[in-house]
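1. structure for the following, please:
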Amino acid sequence: MNIGLVLSGGGVRGIAHIGAIKAMEEMGIHPTHIAGTSAGAIVGALYAEGHSCEEILGFFKTVDVFSINTYALGKPGFVDSDKLFEVFKKYIPHDTFEGLKKRLFITGTDILEGTSKIFHKGPLINAILASAAYPGVFTPVNINGKYYVDGGILNNFPVDAIQKYCDTVIGVYVNPFDKVKIGDLKHSYNVMDRALQIKMKDGLAAKFKACDLLIYPKTLTNYGTFSFKNADLIYKLCYKATKEAIQSEKGLLILNKV
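-> Here you go, the predicted structure:
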């Protein structure tokens with residue numbers, strides 16, 4: 001059976017995806033097709049390459065994307081996305097979608113045309129960097145003369161990318177939307193992040209319905225988009241939430257088919 005796994009964007013909250021995958025594997029669920037956006041694209045690519053959950057978690061804990069070595073000079077952003085290419089090359093040396101052990105689909109946003117793009121063949125690493133290029137923080141990524149930023153702007157939960165290939169689709173959404181107080185918007189990046197969250201929630205209800213099983217830990221609202229200090233808590237939270245979801249009525253139906 002072809003099992004699809006959809007991984008949303010969510011910044012550091014994307015670490016929750018690793019906990020979800022770990023729980024699925026322990027319960028005998030092994031996705032064959034993965035669709036990811038932003039942080040979900042990173043986790044999805046590393047998982048599709050064959051890295052263990054422990055190795056993927058180690059990637060997030062050890063790679064310092066905000067170091068002085070990645071600072072952008074003369075480009076629109078704080079971090080130069082191009083300078084992260086070699087970091088990913090160590091984990092995915094062949095740099096191709098075709099070389100992965102699982103089928104992978106990644107979303108990006110064409111910043112000039114204002115359109116969504118799904119990458120699924122050819123060079124891989126630049127597609128990952130493009131999908132995760134949070135506007136204003138990471139510089140746009142040039143792919144064949146077009147410039148791409150965070151795929152979550154127009155498609156933060158790309159169930160549509162793999163639905164037709166899969167018998168069952170499991171979705172993990174780690175960017176929950178909740179009301180905030182003006183005191184929560186202390187910095188400009190808080191306002192920008194909030195604006196993107198508002199945009200990303202458009203059309204989510206229909207995408208959630210397209211999933212046979214949805215993991216949606218709403219308590220992730222307690223964790224910031226760029227704060228790594230709670231990485232282990234985020235991982236454990238979604239691990240637990242996924243175990244509970246698989247043990248639910250809908251989850252058991254999937255488990256019985258595997």
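2. just the strands from the chain, written as ranges.
-> 3-7, 33-37, 103-110, 115-119, 141-143, 146-150, 168-172, 213-215 (DSSP state E).
3. okay, the ones you listed, which one's buried deepest?
-> Burial of these is given as mean neighbour count (mean count of other CB atoms under 10 Å); strand 33-37 ranks first at a mean of 30. Glycine gets a C-beta too; all of them are placed from N, C-alpha and C.
4. pull up the pairing partners for that one, direction included.
-> Paired neighbours of strand 33-37 in the sheet (DSSP bridges): strand 3-7 (parallel), strand 103-110 (parallel).
5. how far out from the middle of the chain is that strand?
-> 8 Å (CA atoms, centre = their mean, to the nearest Å).
6. and for stretch 37-50?
-> Per CA atoms, centre = their mean, the centroid offset for stretch 37-50 relative to its chain is 7 Å.
7. flag every buried residue along it.
-> For stretch 37-50, a neighbour-count test (16 or more other CB atoms under 10 Å) marks 37-49 as buried.
8. next: stretch 56-64.
-> Neighbour-count burial for stretch 56-64 [16+ other CB under 10 Å]: I56, L57, F59, F60.
9. and the contacts of it?
-> For stretch 56-64, contacts defined as CB atoms under 8 Å, 6 or more residues apart in numbering pick out 12, 14-15, 18, 21, 42-43, 46-47, 51, 70, 87, 91, 228, 231, 235.
10. ok, so of these, who is nearest K257?
-> I21 (18.6 Å; CB to CB).
11. so what's the gap between the worst-scoring helix or strand of the chain on mean pLDDT and the chain middle?
-> Least confident helix or strand of the chain, by mean pLDDT, DSSP states H and E, is helix 188-200 with a mean of 72. Put simply, helix 188-200 sits 17 Å off its chain's centre (CA atoms, centre = their mean).
12. quick one: it to strand 146-150, angle?
-> Here helix 188-200 runs at 100 degrees with respect to strand 146-150, directions being taken by axes from the mean of the first three to the mean of the last three CA atoms, to 10 degrees.
13. before we move on, the earlier item: in the contacts of stretch 56-64, find the pair that's most separated.
-> So, these by CB to CB: farthest apart are I21 and T70, at 26.7 Å.
14. more crowded one of those two?
-> Between I21 and T70, counted using other CB atoms under 10 Å, the more crowded position is I21 (27 against 19).
15. dump the residue contacts of the more buried one.
-> Residues near I21 by CB under 8 Å, 6+ apart: L5, P31, V43, Y47, C53, I56.
16. what's the closest non-adjacent residue to the second one?
-> This means P31. Closest residue to P31 apart from its sequence neighbours, by CB to CB, 6 or more residues apart in numbering: L5 at 3.7 Å.
17. and that neighbour, bridged to which residues?
-> I34, I170.
18. any idea how far L214 is from it?
-> L5 sits 12 Å away from L214, going by CB to CB, to the nearest Å.
19. what do these two both touch?
-> With CB under 8 Å, 6+ apart, L5 and L214 have common neighbours I170, G171, V172.
20. which one of those is nearest N142?
-> Nearest to N142 among the shared contacts of L5 and L214 is V172, at 29.9 Å by CB to CB.
21. check which residues of the least confident helix or strand of the chain are buried.
-> Across helix 188-200, burial judged by 16+ other CB under 10 Å covers Y189, M192, D193, L196, Q197, M200.
22. isn't the last one up against G151?
-> In other words, M200. No - M200 is not in contact with G151 according to CB atoms under 8 Å; the separation is 10.5 Å.
23. spell out which residues are contacts of both of the two.
-> Common neighbours of M200 and G151 (CB under 8 Å, 6+ apart) are G9.
24. kind regards, and thank you for your time.
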